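Trainee: have a look at this prediction, sequence included:
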Amino acid sequence: MRLSPDSNTSLIGRRRGTPRKQNLVLNQKSILVLAALCAAIFLMGLVVGTHIFGTPNSNATNNSNNNGESQHKNAESSPLAAATANKHLSENIQNLILESAKAELIEKQQHEQEVEALKHGNVKEALHLKGMQAPGDANYNPHHAVDDVAQLEVPLNEAVEVGEGDGAMYAGDIGDHVLHEEEKKEIPKMELIEKEDMHNHFAEAVKNEAVESEKKKSLREKLHDLKAEAAEVVKHGLRGAIGNIQNKVTTDSKVDFVKGESSYYPYMTLPVPENYDFKKYEPLGGGRFAEYKDGDSPYAITDKLKEQSDELARSRRVHVLNAMKHVWKNYKEKAFGSDELHPISGRVTQNWGGMGTTLVDALDTLWLMGLKDEFWEGRDWVRDKLSNTPSGDVSGFETTIRSLGGLLSAYDLSGDKAFLEKAEDLGSRLLKAYDTKSGLPHGSVNLQNGASHNFGWFGNQFVLAEVGTQQIEYRYLSHATGKDEYAKKADRVFDILYEIMPEDGLLGEGLKEDSSGGAFFSKGKVSFGAMGDSTYEYMIKLWIQSGRKEQRFREMWDKSMNGVHSQLVQKSNPNGLTYLADRENGRLNHKMDHLACFMGGALAIGAYTDPMGLDSVRAQRDLKTAKALTYTCYQMYARSATGISPEFVQFGGSNDFSIPSSAPFYILRPEVVEAFYYLSALTGDPIYRCFNLELQEWGWEVFQSIEKYCKTEYGYGSLKNVDNPSMPPEDRMESFFLAETMKYLYLLFDPDSEIDILNKHVFNTEAHPLKVFKDSN
């Protein structure tokens, strides 16, 4: 949970449609396949026609380059054009598709006329319609071996279907475009074009092939082979023919959308250009990708698919890097060493004690993004100017996860002792908050004199999420310094929680000390949002940090997750979205915080490290819930007008959930993209980060919305109402935006990262990665 730095009385928590129809997926793929083959046939006709008959009339091309009304006309004139007119395709690609659609209609009309002429026995007219000479014509040459391209082309509106494995494309007079094994052997492999300008490069490739093959074959045979090659390209994948498509579209196996048995993945991948304009992005709405709603794995994730996803991710990674550079440039110029930079006014504030909180919190983000010069500049400031003795009290919890965690992670990544020295100085001062009768740490501590106390607004009680979310940091400090006092004092909290844990594993959000030096739950409310969240997170992560050896933490986690599934996991109406309800006084409150979305990642890492194995019933239950819950969290973003989630949603009513008037704001929180990162890294499913610019995957949608609606002159601002796109961002940017949100987004698109959450690293609740221990001592 998070305590608001602006108020002593309000908490801001810390941790934190209809299923897709199969024919819709096939239609989207059919459009792309159809467009590609149209383009190939049209360009081959253009090149060969030019080679034989001279420069063709260019009116169609000129017309297709017009914007606005002309594109609208084209869209009305062809089903293909109408289906693609509103897609986010590049202008070159869209023009080419529209032009191909125009050619398609012309050919259809000609074919209808040819058929009609042949019905009436008028062969001469039919040949003229094909652009051929007929007996009796002045220039007729019976030995002429060249037929016009139109003789070989098939109207694309006829017999269009995606085969169930036989690679069928279009029925026509080149063997129905079904390539048999003996035909495949005769067809040389075509060089796949990888340039963005498909029109020029594809045409040039076809022209070169035509010139080369003319020496060996008649024009009819040449065109037959070129068209067969085009079909082969469409069948086995378009890598560059449509805007640098990187993955291959495979139709060699029957598509199974339910059981995940197919190697087919229905979402085409397009790399993101470096000059991508985020201002043009429009949120696409909720209800999409419903095949993921129940936590199923509808598609087989192959190594080849992962490679393709990685390539696309790298093209997106640079945009997150640019976002970080934008913030850091302004922080360096206007607020270097200050706690926070205001993203609109450019003012600075010292609301975390003047300890350079944003700088310290962002150090490991700079490192992981490869911004090493900026990292070492930050190290110099930490070494020479950082003071851990601010005047006044600080939040022990927030200072531990942000500042102590940030220093320790910077040390873990770089090995620079300056960070460890400052971390030990800070840790020794923070540790005074643990000097209580029970050993539970007070919420507030003075780093100069060690005085500590709990918060009056919470009735001087201990907050569950605060006392149970400091152990990773102190245990690492003991590990790095060899001084066990830090770990011993922090571990006392889990000694108490283990002793008083209820049978259902669900912990109350407030605690009080008893007369014997122990503690009891004083508030019965159970929540995986504010006030409770990260204590559960640390159960599984402490077990991982220990090298998976300290079984008490795993036992507590599994017990809590049993309680979660038996009491808190709920389904919405009417679409059956999975969510976690709060429980208070035995009754459920059907709301879910943005903070609770961390559970998507926590459940996933718990499943993948389950001692009973990933295939066990328990692990599969947890993984399924992780996926389903993360889909719901994605919908919390997708269904708002800005494509950004509010602070929490209320479930009920006729449309699954609504945004309450008390929580329409967004303060740049990270938990949803954190869940995307964990599931992407563990499962390899591209849905969480990469597939295409028309359909948009989840993480890329979130980033685009942040870029469009939150970006300001000096950074990124919070939103007051996520359902009001016209409302400007606020002049507020928390340090965790750089420490968590930006880091998780970057790691989501970074297949080359040194971070390994399954084997080598564990993140604290502020997204500071630390290496796991090789032993549990």
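Mentor: Great, that's in hand.
Trainee: which residue ranges form the helices in the stretch 451-600 of the chain?
Mentor: 464-467, 471-481, 485-500, 533-545, 551-563, 598-608 (DSSP state H, counting those that start in this stretch).
Trainee: so which elements touch the first one?
Mentor: This points to helix 464-467. Other helices and strands packing on helix 464-467, by 3 or more C-beta pairs under 8 Å, 6 or more residues apart in numbering; DSSP states H and E, are helix 396-399, strand 510-513, helix 533-545. C-beta coordinates here come from the backbone N, C-alpha and C atoms, glycine included.
Trainee: mind doing that once more with 7 Å?
Mentor: Other helices and strands packing on helix 464-467, by 3 or more C-beta pairs under 7 Å, 6 or more residues apart in numbering; DSSP states H and E, are helix 533-545.
Trainee: what's the answer for the second one, then?
Mentor: In terms of contacts (3+ C-beta pairs under 7 Å, 6+ apart), helix 471-481 is packed against helix 405-414, helix 417-430, helix 485-500, helix 533-545.
Trainee: quick one: contacts for residue 453?
Mentor: 442, 444 (C-beta atoms under 7 Å, 6 or more residues apart in numbering).
Trainee: give me that answer again for 10 Å
Mentor: 393, 433, 436, 442-446, 460 (C-beta atoms under 10 Å, 6 or more residues apart in numbering).
Trainee: again with residue 577
Mentor: 17, 286, 290, 293-294, 570-571, 592, 628-629, 631-633, 635-636, 649, 651, 656-657.
Trainee: return a selection command, for use in ChimeraX, containing the buried ones of those residues.
Mentor: With 16 or more other C-beta atoms under 10 Å as the criterion, this ChimeraX line picks the buried residues out of the contacts of residue 577:
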select :17,286,290,293,294,592,628,629,631,632,633,635,636,649,651,656,657
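Trainee: the contacts of residue 577 in helices, which ones?
Mentor: Among the contacts of residue 577, the members falling in helices (DSSP state H) are 628-629, 631-633, 635-636.
Trainee: which two in these are spaced the farthest apart?
Mentor: Distance extremes for these: the farthest pair is 628 and 636 at 13.4 Å, using C-beta to C-beta.
Trainee: any residues in contact with both of the two?
Mentor: When contacts are counted by C-beta under 10 Å, 6+ apart, the set common to residue 628 and residue 636 consists of 577, 579.
Trainee: sorry, back to before: let's have the helices of the stretch 451-600 of the chain in a markdown table, adding mean pLDDT and mean neighbour count.
Mentor: Output for the helices of the stretch 451-600 of the chain, formatted as a markdown table (pLDDT from 0 to 100; neighbours: other C-beta atoms under 10 Å):
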| stretch | mean pLDDT | mean neighbour count |
| --- | --- | --- |
| helix 464-467 | 98 | 29 |
| helix 471-481 | 98 | 23 |
| helix 485-500 | 98 | 18 |
| helix 533-545 | 98 | 26 |
| helix 551-563 | 98 | 19 |
| helix 598-608 | 98 | 26 |
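Trainee: now those in JSON lines, with distance to residue 312?
Mentor: Below are the helices of the stretch 451-600 of the chain laid out as JSON lines (distance: least, C-beta to C-beta, whole Å):
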{"stretch": "helix 464-467", "distance to residue 312": "37"}
{"stretch": "helix 471-481", "distance to residue 312": "33"}
{"stretch": "helix 485-500", "distance to residue 312": "42"}
{"stretch": "helix 533-545", "distance to residue 312": "30"}
{"stretch": "helix 551-563", "distance to residue 312": "34"}
{"stretch": "helix 598-608", "distance to residue 312": "22"}
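Trainee: which one of those lies closest to residue 360?
Mentor: Of the helices of the stretch 451-600 of the chain, the one closest to residue 360 (C-beta to C-beta) turns out to be helix 471-481, at 12.8 Å.
Trainee: returning to that earlier point: which of the contacts of residue 453 fall in helices?
Mentor: Going by DSSP H, the helices hold none of those.
Trainee: can you put the residues you listed in JSON lines and add pLDDT and neighbour count?
Mentor: Compiled in JSON lines, the contacts of residue 453 are given as follows (pLDDT from 0 to 100; neighbours: other C-beta under 10 Å):
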{"residue": "393", "pLDDT": "96", "neighbour count": "17"}
{"residue": "433", "pLDDT": "98", "neighbour count": "30"}
{"residue": "436", "pLDDT": "98", "neighbour count": "17"}
{"residue": "442", "pLDDT": "98", "neighbour count": "22"}
{"residue": "443", "pLDDT": "98", "neighbour count": "23"}
{"residue": "444", "pLDDT": "98", "neighbour count": "20"}
{"residue": "445", "pLDDT": "98", "neighbour count": "26"}
{"residue": "446", "pLDDT": "98", "neighbour count": "18"}
{"residue": "460", "pLDDT": "96", "neighbour count": "12"}
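Trainee: can you name the two of the residues you listed that sit furthest apart?
Mentor: Among the contacts of residue 453, 446 and 460 lie farthest apart (C-beta to C-beta), at 16.7 Å.
Trainee: could you list the low-confidence segments of the stretch 651-777 of the chain?
Mentor: In the predicted model of the stretch 651-777 of the chain, residues 690-696, 775-777 satisfy pLDDT under 70.
Trainee: equivalent analysis for the chain, please.
Mentor: Using pLDDT under 70, the chain drops low at 1-108, 118-121, 123-270, 690-696, 775-777.
Trainee: quick one on the thing from earlier: distance to residue 368 added to the contacts of residue 453, as JSON lines?
Mentor: Shown next, in JSON lines, are those (distance: C-beta to C-beta, whole Å):
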{"residue": "393", "distance to residue 368": "32"}
{"residue": "433", "distance to residue 368": "30"}
{"residue": "436", "distance to residue 368": "37"}
{"residue": "442", "distance to residue 368": "33"}
{"residue": "443", "distance to residue 368": "31"}
{"residue": "444", "distance to residue 368": "32"}
{"residue": "445", "distance to residue 368": "30"}
{"residue": "446", "distance to residue 368": "34"}
{"residue": "460", "distance to residue 368": "40"}
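Trainee: of the residues you listed, just say which sits nearest to residue 316.
Mentor: residue 443 (39.7 Å).
Trainee: can you verify my assumption that the closest one contacts residue 396?
Mentor: Yes: the criterion here is C-beta atoms under 10 Å, and residue 443 meets it with residue 396 at 6.2 Å.
Trainee: common neighbours of the two, please.
Mentor: 433, 452, 466-467.
Trainee: what's the spacing between residue 557 and residue 405?
Mentor: Distance from residue 557 to residue 405, counting by C-beta to C-beta, to the nearest Å: 21 Å.
Trainee: show me the contacts for residue 382.
Mentor: Contacts of residue 382 (C-beta under 10 Å, 6+ apart): 337, 356, 359-360, 363, 406-407, 410, 416, 418-419, 421-423.
Trainee: do that again at 6 Å, thanks
Mentor: Counting by C-beta atoms under 6 Å, 6 or more residues apart in numbering, residue 382 touches residue 422.
Trainee: which SSE is it in?
Mentor: Using DSSP states H and E, residue 382 sits in helix 372-385.
Trainee: angle of that helix against helix 405-414?
Mentor: Angle, helix 372-385 to helix 405-414, by axes from the mean of the first three to the mean of the last three C-alpha atoms, to 10 degrees: 120 degrees.
Trainee: number of residues surrounding the spatially closest residue to residue 499 that is not a sequence neighbour?
Mentor: Of all residues not flanking residue 499 in the chain, residue 518 sits nearest, at 7.0 Å (C-beta to C-beta, 6 or more residues apart in numbering). With neighbours defined by other C-beta atoms under 10 Å, the count for residue 518 comes to 16.
Trainee: same thing with residue 372?
Mentor: Neighbours of residue 372 under the rule other C-beta under 10 Å: 11.
Trainee: which residues in the stretch 201-350 of the chain form helices?
Mentor: 219-236, 303-334.
Trainee: report all helices and strands that the longest one contacts.
Mentor: In terms of contacts (3 or more C-beta pairs under 6 Å, 6 or more residues apart in numbering; DSSP states H and E), helix 303-334 is packed against helix 742-748.
Trainee: how does it look with 7 Å?
Mentor: Checked by 3+ C-beta pairs under 7 Å, 6+ apart, helix 303-334 has strand 340-341, helix 698-709, helix 742-748 packed alongside it.
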